[in-house]
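Undergrad: kindly generate the corresponding structure for this input.
(one chain, ligands or ions: 1)
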Amino acid sequence: MAYRKPSDTEILEAIKDALQRHGVVNSQRKMTEFVLKELKRHDPDYSVSEARVRRLAIDNGLAKVEIHARESAKKTSARDCPVCGGKTVKIRNETVYGGTVTVGYKCKTCGYWTGLKQRVPTLYVFCPK
Ligand SMILES: [Zn+2]
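TA: The predicted structure follows:
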């Protein structure tokens, strides 16, 4: 089967339409299905990944995305946000000795945060802005 990639603009329009039609969407899989349904009106061969829909929705401020996550056993490493690809900043706490210690990381773009053990996103809820 041939897949075709829609442009960012087409996806953004589809996200807007899907949110308008469905209101709050309580999973990323559903959100992507709704977006795909809108896209397929233009081209039945269109395909889009869940991560692309999520990132575009966040980057363009179309939706407020609530992130549900569980803590994993893996140590967190400083890196880009796993949710939106934005930069993360250290969350610091003061120690009793007057220094500071890193206790986690937070993304300024989407609000994702993690402790020193990595929080793995399990569910995204899309709320129209
Ligand atoms: Zn983020």
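
Undergrad: list the buried ones in the biggest helix by length in the chain?
TA: Using DSSP state H, we find that the single longest helix of the chain is helix 8-22. Neighbour counts over helix 8-22 (16 or more other C-beta atoms under 10 Å) mark 10-19 as buried. Using the backbone N, CA and C atoms, a C-beta is placed for each residue, glycine as well.

Undergrad: what does stretch 77-90 give?
TA: Neighbour-count burial for stretch 77-90, with 16+ other C-beta under 10 Å as criterion, is recorded at 81-84, 86, 88.

Undergrad: then stretch 56-74?
TA: For stretch 56-74, the neighbour count (16+ other C-beta under 10 Å) marks 56-58, 62-63, 65, 67, 69 as buried.

Undergrad: as a markdown table, the residues you listed with distance to R119 and secondary structure would be great.
TA: Formatted as a markdown table, the buried residues of stretch 56-74 follow (distance: C-beta to C-beta, whole Å; DSSP: H, G, I helix; E, B strand; the rest coil):
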| residue | distance to R119 | secondary structure |
| --- | --- | --- |
| L56 | 23 | helix |
| A57 | 20 | helix |
| I58 | 17 | helix |
| L62 | 24 | coil |
| A63 | 20 | strand |
| V65 | 15 | strand |
| I67 | 8 | strand |
| A69 | 4 | strand |
